[in-house]
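*Asks:* Take a look and give me a structure for this.
(one chain, ligands or ions: 1)
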Amino acid sequence: MADIKTGDATWHPNPKKPDFVVPAGAVDAHCHVFGPANQFPYAPERKYTPVDAPKEKLFALRDHLGFSKNVIVQASCHGKDNAALVDALRASNDNARGVAVVSPDITDAELEDMHDAGVRAVRFNFLKRLVDPAPKPVYTRMAERIAKLGWHVVVYFEEADREELVPFLKSLPTTVVIDHMGRPEIKAGVDNSGFKAFLDLMDDDKFWVKVGCPERLTIDGPPYDDVAPFAKSLIQRAPDRVLWGTDWPHPNMKSHLPDDGLLVDRIPVIAPSPELQQKLLINNPLLLYWA
Ligand code: 0GY
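*Replies:* Here you go, the predicted model:
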């Protein structure tokens, strides 16, 4: 595993062709586009500057991995300017949907334009290393506005902040999708009380969860055996409300360059039956993003 230096790309230059053949029509439901900066400059308030990862590279990876569709999530390095995201959506032939990060002063007409491009959610990011979170009423007001468009909320938080955030998340008027399994404490093991509480939360059908991203959570490194039990438990508990994504281009990865082909090969480990794979990769994301 090579160390990644500042200024290096955070993605594998030559991911393997997956051994696991995903079902036809599969959706990579968490990925990003970065730049190119000369067309879509990074936000002045950003907390990291990535290497450009433009839409052409994302779509080539999609094809290489055997996927058909993407859900592209606005990353913090682009702040509240969703131009790169919208450009990728419009270039996708209806094969991509978007999760935007928006400013409270966005107009209804601008939201409707984004809907037309394929945006179906807003992301509330509570990771202080990535953003300076706003006061909760700002998010509540935005959730009320986007609910009218039939959109949902995607939320990114750390396990340490979960308990404090849950009442607020439950109060939102939309479905809430939780990024990266709520970033569980892998070293505490799958039976730890925090993750048990998270599993209990998933009994509320307001909540959906993304079960990818082992590369970011792992302690042991590839092939991510230490993270698999967490994803597997979530899929068993809420098979109709789980989503999977590559997380390409893996912003802020410092420990190693994840091989996206290997990430795909891990899908049958966490979703062992064809029925679970069909829900995870097709039925669930289509319902949430293309219905
Ligand atoms: C991710 C993860 C990260 C970055 C961002 O918005 C962002 O910049 O989400 C991270 O550094 O954990 O998958 O989106």
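*Asks:* what lines up beside the strand or helix carrying Val99 in the sheet?
*Replies:* Val99 is part of strand 96-100 when elements are defined by DSSP states H and E. Neighbouring strands of strand 96-100 in its sheet, by DSSP bridges, are strand 69-73 (parallel), strand 119-125 (parallel).
*Asks:* what residues does this structure put near the ligand?
*Replies:* For the chain, the residues in contact with the ligand (Cβ under 6 Å from any ligand atom) are 73, 75-77, 125, 130, 156, 216, 247, 251-252. All C-beta atoms are positioned from the backbone trio N, CA, C, and that covers glycine.
*Asks:* Just the ones in helices from those, please.
*Replies:* If you go by DSSP state H, the residues of the chain next to the ligand have Arg216 in helices.
*Asks:* Between the residues of the chain next to the ligand, which sits nearest Pro285?
*Replies:* Val73 (12.6 Å; Cβ to Cβ).
*Asks:* give me the beta-bridge partners of the closest one?
*Replies:* Residues in beta-bridge contact with Val73 (DSSP bridges): Val99.
*Asks:* how much space between His115 and Val21?
*Replies:* 34 Å (Cβ to Cβ, to the nearest Å).
*Asks:* Those two: which is more packed in?
*Replies:* Legend: neighbour count by other Cβ atoms under 10 Å for His115 and Val21, higher for His115 (16 against 10).
*Asks:* That one contacts Leu149, correct?
*Replies:* Yes. With contact defined as Cβ atoms under 8 Å, His115 reaches Leu149; the gap is 5.4 Å.
*Asks:* CA atoms only: put stretch 239-258 into CSV for me.
*Replies:* C-alpha atoms of stretch 239-258 as CSV (Å, rounded to 0.1, in the frame of the first residue of the first chain):
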residue,chain,number,x,y,z
PRO,A,239,-32.5,-4.6,2.9
ASP,A,240,-34.9,-2.2,1.2
ARG,A,241,-33.1,1.0,2.5
VAL,A,242,-29.5,0.4,1.7
LEU,A,243,-27.4,2.0,-1.0
TRP,A,244,-23.8,1.2,-2.2
GLY,A,245,-21.2,3.4,-3.9
THR,A,246,-17.6,3.5,-4.8
ASP,A,247,-16.9,6.9,-3.2
TRP,A,248,-14.6,7.6,-6.2
PRO,A,249,-12.3,9.6,-6.3
HIS,A,250,-11.9,8.9,-2.6
PRO,A,251,-11.3,12.4,-1.3
ASN,A,252,-8.8,12.8,1.5
MET,A,253,-7.7,9.2,1.4
LYS,A,254,-4.2,9.1,2.9
SER,A,255,-3.5,5.5,3.9
HIS,A,256,-3.8,3.8,0.5
LEU,A,257,-5.2,4.1,-3.1
PRO,A,258,-8.4,2.0,-3.0
